[in-house]
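Q: here are the coordinates; sequence isn't available:
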């Protein structure tokens, strides 16, 4: 028993120890899991899309405040006394040769002062400059506490926009001095050297070390110091531009890095912390816009209208485009893509969401968004749609991608072009100096400034096949940012609690679309031309002119909002109408003005319903045939209205006093006989009055006779006094009589 009791006690102790060990293990795993759920949140990254225009500075200030608040909250939860770190990745446009691509001074200075204000005092701000920056965007790195640059990136020529205007304003130079003196990130002399070409920057060596001094301040600086050596860094007449290596040498660049991985290594943090955490954007105001089916000028115009409504009224700062399309009209797709790429990325985030397919022109729309999210099995690439553009149109579209869309969207123009051109071979290139990876064609890689640094790795598509990739492949190549399996995962990705509302056309837009349909277009044309004919039959009443003008105005307005009509069509129509009026009232003759004016009117009406000026494909020819048929049907309808109105409209009570009753055949024959025998030479010099408007022909009462007369010179209004100036046989020419 004692032995048994001893064994029982020992076993109980071992069991108790084992349970305690398991408890410690579970507690440790729980703590580790908690830490894994909440990683080190002392570092965050915010992308600043340049240039800063409009209200971009205000939107960025709100984003920076929200991000800093989260960093402070995370530090309090961890009881971490270290200062949170906020990295501003400055994203300049791909090319900066145009003044329009650089930041406005007021916007850049306002954001720089905000970074220097007390609101950001508790945050350590670091500017990351992966590519060269010119213009007033250079204020932003100066306003941060540290600068990280790519070795070959350039920072400077801040006054390049001011030089284009003539002279540097002193207030602008003072602003650069103010930011440099507050932060002391960059020496004041080097900052002034970037903005003021009239100054000279010196590097001087004293017993205390190396300093940077303006030539104008050298005398004051040398008081009490012995200058050992002096070197001109920036001669007068030039604006300084510093590379990352030079900045590192001069001490205002803390680290050199070409990628986010390099930035993370320099800051000694995991690279995952430098990814934008869209799920934390708790102030998203999201909306969705559907882009489904074939992209037509009508669909593109509709989406552009919705984008303009949402952005101009600031209803949303997150716009998702739900794309399921195999392309369509290339010109319309390119126009819609340019509209998306031109939106201010600092004020609104555009996300292309491809659930099934985005090929051809639809792929351009998807790639023009700020971010692209795809289902893992969704398809992106070249689309062989039925309305393939001709070679000339395709070359023009690729040129537009190269010189405009690629620069706006930050995408390789070869990648964009491969979506609509099956013969463009796309390769994955690696820069051996910077470590950057980019998808380009051999033509684009050869045109790069440092072409020798770009080394091809492998082609993206196999053999000579057109480009096609699914969501997983697009993410691997960096074309798509994320892949998801459902719309719910997309919402989780961006921290959206509910389904974003889908923006649809309002009643006004639906009315425009209804008016632009061929059926309503024919009706509007018939009303317009019938009104003009009615006005010519009843001059001076104005009813026909009002009805006709309203019909034609609605026609051109609907076609304009539908994206098919422009100023060319309106000018053609107005000019043609003026020529016809000249033929009728001013210079009646052989009909040159009348025929030319009629041709211009017909051309304007036909062009107003077309999406092109010259047809390039079979679908264009079909569209041209439909438009001509529409005008022809309207013409037949107006002709029928003219016949009916001449015979019956004068008997309708409402119009009987407007339109004279037509003469019977017997009356017409008798009148013709009288006119053939008539000789009105005795009326020369006689006076009378116009019973109708003479423009230039009409009727007048002379010597108690109702005669057909012709007005000489200017038209004569009904009831005006007149005098006969010529009378030969039955031809009577009159002129307005002068009173008295």
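A: Cool, got the structure. Computed from a prediction, not measured in an experiment: that's the story for all the values here.
Q: Return the set of buried residues in stretch 708-723.
A: Neighbour counts over stretch 708-723 (16 or more other C-beta atoms under 10 Å) mark 709, 711, 715-716, 720, 722-723 as buried. C-beta here means a position set from N, CA and C on the backbone, and glycine is covered the same way.
Q: now, which of these sits nearest residue 190?
A: Closest to residue 190 out of the buried residues of stretch 708-723 is residue 715 (76.9 Å), distances taken as C-beta to C-beta.
Q: Now do the phi/psi pair for the residue nearest to the spatial centre of the chain.
A: Of all residues in the chain, the one closest to the mean position by C-alpha atoms, centre = their mean is residue 339, 2.4 Å from it. Phi and psi for residue 339, reported as degrees, to the nearest 10, are phi -60, psi -40.
Q: so where's the stretch 251-400 of the chain uncertain?
A: The stretch 251-400 of the chain contains residues with pLDDT under 70 at 277-282, 314, 384-387.
Q: show me what contacts residue 316?
A: If a contact means C-beta atoms under 8 Å, 6 or more residues apart in numbering, then residue 316 has 285-287, 310, 348 as its contacts.
Q: Please confirm that it is located within a strand.
A: No - counting by DSSP: H, G, I helix; E, B strand; the rest coil, residue 316 is not part of a strand but coil.
Q: From residue 371, how far off is it?
A: From residue 316 over to residue 371 the distance is 15 Å, taken as C-beta to C-beta, to the nearest Å.
Q: go on, residue 381?
A: Note on residue 381: its distance to residue 371, by C-beta to C-beta, is 19 Å.
Q: Check residue 682 too.
A: 91 Å.
Q: Those two: who's more crowded?
A: The neighbour count for residue 682 versus residue 371, taken as other C-beta atoms under 10 Å, is higher for residue 371 (18 against 10).
Q: How about the backbone phi and psi for the more buried one?
A: The phi/psi pair for residue 371 (degrees, to the nearest 10) reads phi -140, psi 150.
Q: That one contacts residue 351, doesn't it?
A: Yes - here residue 371 reaches residue 351: they are 5.0 Å apart, a contact under C-beta atoms under 8 Å.
Q: mind listing what the closest residue to residue 290 other than its chain neighbours touches?
A: Distances taken as C-beta to C-beta, 6 or more residues apart in numbering place residue 322 nearest to residue 290, at 5.0 Å, with adjacent residues excluded. Listed by C-beta under 8 Å, 6+ apart, the contact set of residue 322 reads 288-292, 353, 355, 502.
Q: List just the nearest of these to residue 155.
A: Checking the contacts of residue 322 one by one against residue 155 (C-beta to C-beta), the nearest turns out to be residue 353, at 36.4 Å.
Q: and the closest one, how many neighbours?
A: Neighbours of residue 353 under the rule other C-beta under 10 Å: 23.
Q: so what's it up against?
A: Listed by C-beta under 8 Å, 6+ apart, the contact set of residue 353 reads 320-323, 373-374, 487, 490.
Q: how is this protein carved up into domains?
A: Per the record, the chain has its domains at 43-199+236-274, 283-426+461-493, 510-651, 665-736, by automatic domain parsing.
Q: returning to that earlier point: rebuild the buried residues of stretch 708-723 as CSV, extending it with distance to residue 216.
A: Shown next, in CSV, are the buried residues of stretch 708-723 (distance: C-beta to C-beta, whole Å):
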residue, distance to residue 216
709, 88
711, 81
715, 77
716, 81
720, 82
722, 86
723, 87
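Q: Skipping adjacent residues, who's closest to residue 286 in space?
A: Spatial nearest neighbour of residue 286, chain neighbours left out: residue 500 (3.7 Å); criterion: C-beta to C-beta, 6+ apart.
Q: rewinding a little: the residue nearest to the residue nearest to the centre of the chain when sequence neighbours are not counted: helix or strand, and which one exactly?
A: Take residue 339 and drop its neighbours on the chain: the residue closest to it by C-beta to C-beta, 6+ apart is residue 304, 5.2 Å away. Taking DSSP states H and E as the definition, residue 304 sits inside helix 297-312.
Q: packing partners for that helix?
A: Helix 297-312 is packed against strand 286-292, strand 318-325, helix 330-341, helix 507-516, with contacts defined by 3 or more C-beta pairs under 8 Å, 6 or more residues apart in numbering; DSSP states H and E.
Q: and if we set it to 10 Å?
A: Contacts defined by 3 or more C-beta pairs under 10 Å, 6 or more residues apart in numbering; DSSP states H and E place helix 297-312 against strand 286-292, strand 318-325, helix 330-341, helix 361-367, helix 507-516, helix 543-561.
Q: Out of those, which is the most enclosed?
A: Of the helices and strands packed on helix 297-312, the one with the most neighbours on average (mean count of other C-beta atoms under 10 Å) is helix 361-367, at a mean of 30.
Q: now for the helix or strand following that helix, which elements pack on it?
A: The helix or strand immediately downstream of helix 361-367 is strand 371-375, counting by DSSP H and E. Strand 371-375 is packed against strand 318-325, strand 349-359, helix 361-367, strand 468-470, helix 471-476, strand 482-484, helix 487-493, with contacts defined by 3+ C-beta pairs under 10 Å, 6+ apart.
Q: joint contacts of residue 371 and residue 351?
A: 278, 320, 481-482, 493-494 (C-beta atoms under 10 Å, 6 or more residues apart in numbering).
Q: Most neighbours out of those, which is it?
A: Neighbour counts for these, by other C-beta under 10 Å, peak at residue 320, which reaches 26 neighbours.
Q: any idea which of the contacts of residue 316 is closest to residue 519?
A: Of all the contacts of residue 316, residue 310 has the smallest distance to residue 519: 30.7 Å, by C-beta to C-beta.
Q: Enumerate every residue touching the closest one.
A: Listed by C-beta under 10 Å, 6+ apart, the contact set of residue 310 reads 285, 287, 289, 316-317, 319, 343, 348, 503.
Q: a markdown table please, covering these and showing distance to residue 406.
A: Listed next are the contacts of residue 310 as a markdown table, based on distance: C-beta to C-beta, whole Å:
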| residue | distance to residue 406 |
| --- | --- |
| 285 | 29 |
| 287 | 27 |
| 289 | 23 |
| 316 | 26 |
| 317 | 25 |
| 319 | 21 |
| 343 | 16 |
| 348 | 21 |
| 503 | 28 |
